[in-house]
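Asks: fold the following, please.
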Amino acid sequence: MITHLAVADLLVTFLMIPLEVGWRLTVQWLAGNLACKVFLFLRAFGLYLSSNVLVCVSLDRYFAILHPLKLNDARRRGKIMLIIAWICSLIYAVPQSFVFHVSSHPEYPKFHQCVTFGFFMNQAEEIAYNLFCVVAMYFVPLLVICCTYTKILCEISTKSRESREDTGRSEGGRTKTKRCTNSAAGGRLTLRRSDTSTIERARGKTLRMTITIVSVFILCWTPYVAMTLWYMFDRESAMRVDTWLQDALFIMAVGNSCANPLVYGSYVVNFRHECSRCLCLCSNTSEANLDVRLTCRSRGK
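Replies: Below you'll find the model as predicted:
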């Protein structure tokens, strides 16, 4: 999951961002009609894929925690979800190749631009298409992410509360609480104190992870989505907004791909351990090279 998310974020970082920078520098489109269709398709595809893989990650964690007995199917289920994410991203991004095309300015024929003018029959069709893009790229992923992580947090909170209650009853009625025993009231398994603390740590980590993931996604995408909706339904007033502010909102949306490695990597990879391991490898390599040089020098080589 994290690998596919990294691929999607790298597509945005090394394809979409340089494209936008070059387009801003040249002002007009200089790469031709075919490049217009291909690059605009890839630009949308990277954003769709990033959002869809985030949905896959949330669903994978949902099944792992709420349906732990189905872990044998986790790998197959993960592959199916990722395949669906890639296919859906391709389907969502394909219309970009038809919507965008190179057109010349009516008063300046030598000035070419990659635009959507002339494709839609009326403004209602353009609004419907843009609204579909916003829903598929932002609202649906946000809804799924919020629902899945909320269910995960509720499940962990429930288990934590049950484990505390069972531990309290077992300590009051029995002295041997170090091994798991059947509770007389509900037939549930009584967890050891170490298991209870583990669940508490998992609950705290899940709470922090949920707040961070949802907050970063909302913070990065909501301003740009709000600006897009404003432009769709009230174009005249939206065009009065300064261009630098619109560009800043767009950069925030794209910045979600730059934030994903930090957000998800911080909960998957132990950075302190990895940094220590890399430093140890570097130091071991330096010591080995030093030994080789000293050996060669002693031999007169």
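Asks: going forward, measure contacts between C-alpha atoms and count neighbours the same way
Replies: Fine.
Asks: go ahead and flag the most central residue of this protein.
Replies: residue 54 (4.1 Å; Cα atoms, centre = their mean).
Asks: residue contacts, that residue?
Replies: Residue 54 is in contact with 5, 141, 145, counting by Cα atoms under 8 Å, 6 or more residues apart in numbering.
Asks: low-confidence stretches in this protein?
Replies: Applying pLDDT under 70 to the chain flags the ranges 71, 166-200, 202-203, 206, 267-275, 281-301.
Asks: relative to the whole chain's centre, how far out is the longest helix anywhere in it?
Replies: Of all the segments assigned as helix in the chain under DSSP state H, the longest by residue count is helix 193-233. Centroid separation between helix 193-233 and its chain, computed with Cα atoms, centre = their mean, to the nearest Å, is 11 Å.
Asks: include neighbour count, secondary structure and distance to residue 129 when you put the contacts of residue 54 into a markdown table, please.
Replies: Below are the contacts of residue 54 laid out as a markdown table (neighbours: other Cα atoms under 10 Å; DSSP: H, G, I helix; E, B strand; the rest coil; distance: Cα to Cα, whole Å):
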| residue | neighbour count | secondary structure | distance to residue 129 |
| --- | --- | --- | --- |
| 5 | 23 | helix | 26 |
| 141 | 22 | helix | 18 |
| 145 | 23 | helix | 24 |
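Asks: please parse the chain into its domains.
Replies: Domain assignment for the chain, taken from automatic domain parsing, gives 2-159+204-269, 270-301.
Asks: tell me which of those sits nearest to residue 165.
Replies: Closest to residue 165 of these is domain 2-159+204-269 (Cα to Cα; 9.9 Å).
Asks: spatially nearest residue to residue 4 (excluding sequence neighbours)?
Replies: Of all residues not flanking residue 4 in the chain, residue 53 sits nearest, at 7.0 Å (Cα to Cα, 6 or more residues apart in numbering).
Asks: and residue 146, by the same measure?
Replies: Of all residues not flanking residue 146 in the chain, residue 214 sits nearest, at 6.8 Å (Cα to Cα, 6+ apart).
Asks: list the contacts of the one you found.
Replies: 142, 145, 146.
Asks: and for residue 50?
Replies: Taking Cα under 8 Å, 6+ apart, we find residue 50 in contact with 5, 8, 9, 257.
Asks: next one: residue 89
Replies: For residue 89, counting by Cα under 8 Å, 6+ apart, the contacting residues are 45, 48, 49, 52.
Asks: the second one contacts residue 139, doesn't it?
Replies: Just to be clear, that refers to residue 48. No - between residue 48 and residue 139 there is no contact under Cα atoms under 8 Å: 11.9 Å.
Asks: which one of these two has more residues nearby?
Replies: Neighbour tally, residue 48 and residue 139, criterion other Cα atoms under 10 Å: the higher count belongs to residue 48, 25 against 17.
Asks: all strands for this structure, in order.
Replies: All strands of the chain, identified by DSSP state E, fall at 101-104, 112-115.
Asks: buried ones in the last one?
Replies: Residues of strand 112-115 classed as buried: 112, 113, 114 (neighbour count, 16 or more other Cα atoms under 10 Å).
Asks: of all the residues you listed, which comes closest to residue 94?
Replies: The shortest approach to residue 94 among those belongs to residue 114, at 16.0 Å (Cα to Cα).
Asks: across the sheet, point out what pairs with the closest one.
Replies: Here residue 114 sits in beta bridges with residue 102, going by DSSP bridges.
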